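[1] Sequence plus predicted model, see below.
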Amino acid sequence: MNRIVPGILLAIFWLLLLLKGSALFFSVVALGIAFIAADEYLRMATSEVLRTRERIFLNIVTILPVFSVTITQGADFVTPSLVTAFLVLTGYFFYRYAKFKESYAFFSRLVFGLIYVGVLFSYIPLSRFLENGAEWLVIATAITAVSDSGAYFVGCSIGKNKLCPRISPKKTIEGALGGLFFAIIAAFASAYVLLPHISPVKLGIGAVILTIAGVAGDLTESIIKRGTGVKDSGTWLRGHGGILDRIDSMLFAIPLLYFMLTLCA
């Protein structure tokens, strides 16, 4: 129950936010979620003791690409904001370099966080701004969430061959294939309700791509957590860990969704 009830409430909130909330309200909420995700990543990525105002500053710099997207509602300023954030981080290290024990390692982790949280997350509001963007985000969420759940249950039932044992020992090839099967079903079921005119072939191909991307996103966060020695990214979501634990798959899947919608339209 500690996982089921919060999970249902999260799903209801996400659906209402996408299907009933305005694009502006979604942007504000997305910016807040990005800030929390950045803070979770920073807490995992560094063993350095940072002052509260210093950590807040680094969180803001990290999500600068997300902020640029929510203001302009377009992708034109993602690269300029990324470059600006990188230069600010560099200047920060010029100032604070001598006070860190492992300066280069910390700097490298922050730059990775800028891409991982700042850039990848920015494609979530970008996708929302597209035509039928809210519906597509619901479909993508269904694909990644059902894939994750399906992989877990199939893996626990019949999983024998490890997928990436050194990264995530519990993930199996059978589980991944089971997750893909259920993800395709979820894609067609949600599209039937929300976007019935979509080509079945394109939908099926998209479901496969997004599922694979979601698995890659999940494994990437596993690498981060294994490398930093933490079990969950945070404690914001009771029974579900942190924000990053919930959106790790989406951080890889949604940018691909955006590119498919904009380049293959």
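    Done, it's in. Numbers count the residues shown, from 1 in each chain.

[2] Please enumerate the helices of this protein.
    Per DSSP state H, the chain carries helices over the ranges 4-19, 23-45, 52-62, 64-72, 78-96, 103-113, 120-128, 133-158, 173-194, 200-228, 243-263.

[3] Out of these, which is closest to residue 166?
    Counting by C-beta to C-beta, residue 166 lies closest to helix 200-228 out of the helices of the chain; the figure is 8.7 Å. Bear in mind the C-beta positions are built from the backbone N, C-alpha and C, glycine included.

[4] Show me what counts as buried in the closest one.
    203, 206-207, 209-215, 217-222, 224-225 (16 or more other C-beta atoms under 10 Å).

[5] What helices and strands are in contact with that helix?
    The helices and strands touching helix 200-228, judged by 3 or more C-beta pairs under 8 Å, 6 or more residues apart in numbering; DSSP states H and E, are helix 23-45, helix 133-158, strand 168-172, helix 173-194, helix 243-263.

[6] Dump the ones you listed to TSV, plus distance to residue 230, mean pLDDT and mean neighbour count.
    Below are the helices and strands packed on helix 200-228 laid out as TSV (distance: least, C-beta to C-beta, whole Å; pLDDT from 0 to 100; neighbours: other C-beta atoms under 10 Å):
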stretch	distance to residue 230	mean pLDDT	mean neighbour count
helix 23-45	5	93	19
helix 133-158	19	93	21
strand 168-172	14	89	18
helix 173-194	23	95	19
helix 243-263	10	94	21
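
[7] Residue 146 versus residue 153, what's the distance?
    Plainly put, residue 153 is 11 Å away from residue 146 if you go by C-beta to C-beta, to the nearest Å.

[8] er, residue 163 actually
    Residue 163 sits 18 Å away from residue 146, going by C-beta to C-beta.

[9] pLDDT at residue 234, what is it?
    pLDDT for residue 234: 66.

[10] Out of the helices of the chain, flag the one nearest residue 167.
    If you check each of the helices of the chain against residue 167 by C-beta to C-beta, helix 200-228 wins as the nearest, at 5.2 Å.

[11] so how far is the closest one from its chain's centroid?
    10 Å (C-alpha atoms, centre = their mean, to the nearest Å).

[12] now the angle between helix 103-113 and it, please.
    Between the axes of helix 200-228 and helix 103-113, defined by axes from the mean of the first three to the mean of the last three C-alpha atoms, to 10 degrees, the angle is 160 degrees.

[13] The residue of the chain positioned farthest from its centre and residue 108: what is the separation?
    Largest separation from the mean C-alpha position in the chain: residue 98, at 33.0 Å (C-alpha atoms, centre = their mean). Distance, residue 98 to residue 108, using C-beta to C-beta: 18 Å.

[14] Then residue 254?
    Look at residue 254 and residue 108: by C-beta to C-beta, they are 25 Å apart.

[15] Setting the sequence-adjacent residues aside, check what's closest to residue 55.
    Distances taken as C-beta to C-beta, 6 or more residues apart in numbering place residue 42 nearest to residue 55, at 6.0 Å, with adjacent residues excluded.

[16] Touching, the one you found and residue 60? I think so.
    No. With contact defined as C-beta atoms under 8 Å, residue 42 does not count as touching residue 60 (11.1 Å).

[17] Apart from its chain neighbours, what residue comes closest to residue 208?
    That would be residue 180: by C-beta to C-beta, 6+ apart, it lies 6.7 Å from residue 208.

[18] Correct me if wrong: the one you found contacts residue 210.
    No. Assessed by C-beta under 8 Å, residue 180 is found out of contact with residue 210, at 10.2 Å.

[19] List the residues that contact the closest residue to residue 210 other than its chain neighbours.
    Excluding the flanking residues, the one nearest residue 210 by C-beta to C-beta, 6+ apart is residue 253, at 4.4 Å. Neighbouring residues of residue 253 by C-beta atoms under 8 Å, 6 or more residues apart in numbering: 140, 143, 144, 210, 211, 213, 214, 217.

[20] now residue 69
    Residues in contact with residue 69 (C-beta under 8 Å, 6+ apart) are 27, 75, 77, 78, 122, 125, 126.

[21] Can you add distance to residue 21 and give these back as TSV?
    Converted to TSV, the contacts of residue 69 look like this (distance: C-beta to C-beta, whole Å):
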residue	distance to residue 21
27	10
75	21
77	23
78	23
122	18
125	12
126	16
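
[22] Great, nothing more from me.
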